[in-house]
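> model the following, please.
(one chain, ligands or ions: 1)
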Amino acid sequence: MQIANRLNRIPPYLFIELRNKINQAIADGIDVISLGIGDPVEPTPQPVIDELCRTAADPANHRYPTDEEKGMFAFRKEVADWYANRYNVELDPEEEVLGLIGSKEGCHHFILAVVNPGETVLMTDPGYPAYRASIFMADGEPHNVPITGDHGFLPQLAEIPSEVAKRATAMFLNYPNNPTGATATPEFFAEVVEFAKAYDIAVCHDNPYSEIVFEGETPLSFLSTPGAKEVGVELNSLSKPFNMTGWRIGMAMGNPELIAGMAKVKGNTDSGIFNAIQYAGIAALTKCQNNIEKMLPIYTHRRERVLNTFKELGWDHYDAPKGTFYLWLPTPDGMSSVDFATLMFEKAAVVIAPGASYGEYGEGYFRMVLTVPDKQLDEALNRIKKALS
Ligand SMILES: Cc1ncc(COP(=O)(O)O)c(C=O)c1O
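Sure thing, here's the model as predicted:
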């Protein structure tokens, strides 16, 4: 049976490998704690569940979704209102907002809408692995732009060779950043707009962690940058702020031409989001901002516990990440990220993600999540302490 060449270019998805490893260890009777996958354990807020139950019972919602390719207007309108309230960004819900089955889906539709086979797409290294997979599936060519601790894990746009920038048709960015936890600034986003205009590059700012920021950082949208809507779109998601990873609902906003292109891909691929999930999404956006207020102190507290533990163990030469529910820490001197992850797995039965799985420049780091219950996190930290002392 022939399988398309483009699939052979995609490395195995990191989390599938991690899940296999964890499942095997559990089958072997080992009590594994996974700090490898970011997926909140706290439940989805009750008003969201209630709204799903109510609207799922209505047969009108059992049919193909309303406004299949764009998402129902009522959902798009609430997205526009949420963006106005949270980020001071004005959006026309008709032309500038699209409902998505999560922001991961949006990355893929963005690339299919914008990039022709063989064209270059800029992405950061380290970076969220799904960007590379989307680029490969559209037969595009990823170009890795390094991000390092020296520059707060922000890409140095002026250092991208001009022949690469001229060739590039699209660019992925993601701040607050997975895996580094770095946040961006309005000044950086202004540079991005200037760069994108100079080289005619469509920007996809993937922003699912917009609400998860620490230490007085302000939630920020790329679209609040003057000119951003002329060059790109932003993706966001209900997954992380409302503990809704399994519900599969997100949104794309911004440049109307790009939104229309993505809607065309969507309308010919998935026929939209179950209406009842869109109604539940409206409940999240209108009634559940307090979930974010509840979760932030939880993540802050866990983050402090992890950082204090590593400080006790001698980790004091890095800047603590300012956003997301990931911690991105350097491996002990001279140890590769895979060796360190293996050591943690074998000596502590704790799963962490080796930095190298996010790209060449992720080498020398590892990523841990803050989305496990406090008790489990404490147990993991105790085991790590024992393994390293
Ligand atoms: C940077 C980034 N983008 C997108 C996603 C996917 O989010 P969603 O659940 O909205 O598809 C994730 C999930 O981990 C992520 O880290």
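> how far away is the closest residue in space to Met72 that isn't next to it in sequence from Tyr279?
In space, Met72 comes closest to Thr66 once its chain neighbours are excluded; the distance is 4.2 Å by CB to CB, 6 or more residues apart in numbering. C-beta coordinates here come from the backbone N, C-alpha and C atoms, glycine included. Going from Thr66 to Tyr279 by CB to CB, to the nearest Å gives 10 Å.
> what of Pro179?
Pro179 is 33 Å from Tyr279, by CB to CB.
> repeat that for Thr180.
36 Å.
> in terms of neighbours, single out the busier of Thr66 and Tyr279.
Tyr279 (20 against 17; other CB atoms under 10 Å).
> what helix or strand is the more buried one located in?
Applying DSSP states H and E as the criterion places Tyr279 in helix 275-287.
> mean confidence score for that helix?
Averaged across helix 275-287, the pLDDT comes to 98.
> do stretch 224-233 as well
On average, stretch 224-233 scores 98.
> hmm, who's touching that stretch?
Identification of contacts with stretch 224-233 by CB atoms under 8 Å, 6 or more residues apart in numbering yields 87-89, 96, 106, 110, 186, 189-190, 192-194, 196-197, 201-205, 222-223, 234, 252-255, 258-259, 262.
> selecting buried members of those in ChimeraX, what would you type?
To isolate the buried members of the contacts of stretch 224-233 in ChimeraX, using 16 or more other CB atoms under 10 Å:
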select :87,89,96,106,110,189,192,193,196,201,202,203,204,205,222,223,234,252,253,254,255,258,259,262
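> what is the neighbour count of Thr218?
Thr218 has 8 neighbours, counted by other CB under 10 Å.
> where does it land in three-state SS?
coil (DSSP: H, G, I helix; E, B strand; the rest coil).
> buried sites along the helix holding Tyr279?
Quick answer for helix 275-287 (16+ other CB under 10 Å): Asn275, Ala276, Ile277, Gln278, Tyr279, Ala280, Gly281, Ile282, Ala283, Ala284, Leu285.
> likewise stretch 216-226?
Pro219, Leu220, Ser221, Phe222, Leu223, Ser224, Thr225.
> stretch 372-387 too?
Val372, Leu377, Glu379, Ala380, Leu381, Arg383, Ile384.
> show me the residues you listed that map onto helices.
Leu377, Glu379, Ala380, Leu381, Arg383, Ile384 (DSSP state H).
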